[in-house]
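Q: after the sequence you'll find the predicted model.
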Amino acid sequence: PAQVALMVPKKIFRNAVTRNLIRRRMREAYRRQKQILYKILEEKQISLAFVLIYRKSVVPDYDSVFKSVGEAMDKLCNSLDARE
């Protein structure tokens with residue numbers, strides 16, 4: 001029901017290893033929190049595609065990525081709930 005693209009700009013992180021590390025952390029955080037979003041999408045019978053872009057210039061720890069992705073997912077779920 002949902003497709004997600006994860007982006008980490010090459011302009012900010014020149015090293016591919018660092019970009020991939022951040023992307024892996026974002027992917028895992030999304031994977032662990034996507035059930036709530038999927039439940040709402042299946043109830044409303046809609047499909048969704050969205051992009052998560054990392055914009056800070058420091059390499060985050062997993063906990064801060066998990067929190068940030070969770071906040072983005074909450075905002076998305078709230079906007080879908082308001083769209084009735």
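A: Happy to help now that I have it. Numbering: from 1, shown residues only.
Q: what's residue 51 in contact with, if anything?
A: Residue 51 makes contact with 4-7, according to CB atoms under 8 Å, 6 or more residues apart in numbering. All C-beta spots, glycine's among them, are computed from the backbone N, C-alpha and C.
Q: again with residue 19
A: So residue 19 contacts 8, 10, 13 (CB under 8 Å, 6+ apart).
Q: swap in 10 Å and give it another go.
A: 7-10, 12-13, 54, 59 (CB atoms under 10 Å, 6 or more residues apart in numbering).
Q: include secondary structure when you put those into a markdown table, please.
A: Listed next are these as a markdown table, based on DSSP: H, G, I helix; E, B strand; the rest coil:
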| residue | secondary structure |
| --- | --- |
| 7 | strand |
| 8 | coil |
| 9 | coil |
| 10 | coil |
| 12 | coil |
| 13 | coil |
| 54 | coil |
| 59 | coil |
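Q: which one of those residues sits closest to residue 78?
A: Nearest to residue 78 among those: residue 54, at 21.7 Å, using CB to CB.
Q: before we move on, which element is residue 30 in?
A: Element membership of residue 30 [criterion: DSSP states H and E] is helix 16-44.
Q: in PyMOL, select just the buried ones from the contacts of residue 51.
A: To isolate the buried subset of the contacts of residue 51 in PyMOL, counting by 16 or more other CB atoms under 10 Å, use the following:
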select buried, resi 4+6
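Q: quick one: which of the contacts of residue 51 is nearest residue 81?
A: Nearest to residue 81, judged by CB to CB, of the contacts of residue 51 is residue 4 at 19.0 Å.
Q: and stretch 44-52, which residues are buried?
A: Within stretch 44-52, the residues scored as buried using 16+ other CB under 10 Å are residue 52.
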